[in-house]
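Student: structure, please.
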Amino acid sequence: MPTIWLEHNKTQLFLNVAILSSADLDALEKGVFKGPPQMFRALVDTGATVTCLTASTAAKVGLLPGGKLRMSAANGAAYRNYYLFHVGFLLKVDLPQQDGANSISHQWHIHAVPALIQGAEFNAGPGFDVLLGMDMISIGNLIVGSNGQYSWSW
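Tutor: Numbers count the residues shown, from 1 in each chain. Take a look at the predicted model:
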């Protein structure tokens with residue numbers, strides 16, 4: 001089961017994620033993706049129902065709005081553009097060296113969650129472009145420790 005291990009500041013969880021179109025996911029799975037994928041700073045928000053991304057993030061990935069979605073927030077309800085996409089996470093993979101020594105090389109791998117996300121457009125706060133809501137969080141197991149660490153596995 002793929003797992004990421006990160007640190008939090010005891011008030012917020014941030015990490016970098018890849019936003020992928022369905023065509024990107026297909027290319028990634030076939031090993032023909034012209035990468036690396038663009039990474040975006042994300043806030044993990046257990047109080048958010050849906051995952052959201054900025055219009056500029058969608059544009060950088062080449063996503064087009066799929067329509068409008070009614071969103072409720074602290075400042076009221078509004079209709080927002082939505083996009084269909086996949087979320088990918090950067091995982092460190094340890095591979096044994098083929099040189100006969102007992103050494104390990106570290107490579108980075110994008111783990112793309114196959115679930116298609118219908119994410120709404122939003123105006124992000126400073127320092128992040130993506131808000132990961134419960135639609136994304138509940139796909140895996142998120143464990144937040146009191147020691148300033150958290151893990152997320154799928």
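Student: show me the contacts for the closest residue to residue 67 other than its chain neighbours.
Tutor: Spatial nearest neighbour of residue 67, excluding adjacent residues (CB to CB, 6 or more residues apart in numbering): residue 82 at 6.1 Å. Any C-beta I mention is one placed from the backbone N, CA and C, and that applies to glycine too. Shown here is residue 82, whose contacts under the criterion CB atoms under 8 Å, 6 or more residues apart in numbering are 65-69, 118-121.
Student: part of a strand, is residue 82?
Tutor: Yes - counting by DSSP: H, G, I helix; E, B strand; the rest coil, residue 82 falls inside a strand.
Student: what sits opposite it in the beta ladder?
Tutor: Going by DSSP bridges, residue 82 is paired in beta bridges with residue 67, residue 120.
Student: that one and residue 26, how far apart?
Tutor: With the distance defined as CB to CB, to the nearest Å, residue 82 ends up 21 Å from residue 26.
Student: where does the chain dip in pLDDT?
Tutor: Within the chain, the segments meeting pLDDT under 70 span 94-95, 97, 99-108.
Student: try 80 this time
Tutor: Scanning the chain for pLDDT under 80 picks out the ranges 1, 34-36, 73-75, 92-109.
Student: re earlier: which of the contacts of residue 82 has the most neighbours?
Tutor: Among these, the one with the most neighbours (other CB atoms under 10 Å) is residue 119, at 29 neighbours.
Student: just checking, that one touches residue 86?
Tutor: No - distance between residue 119 and residue 86: 10.2 Å, which falls outside the contact criterion (CB atoms under 8 Å).
Student: gap between the residue nearest to residue 67 and residue 92?
Tutor: From residue 82 across to residue 92, the span is 32 Å (CB to CB).
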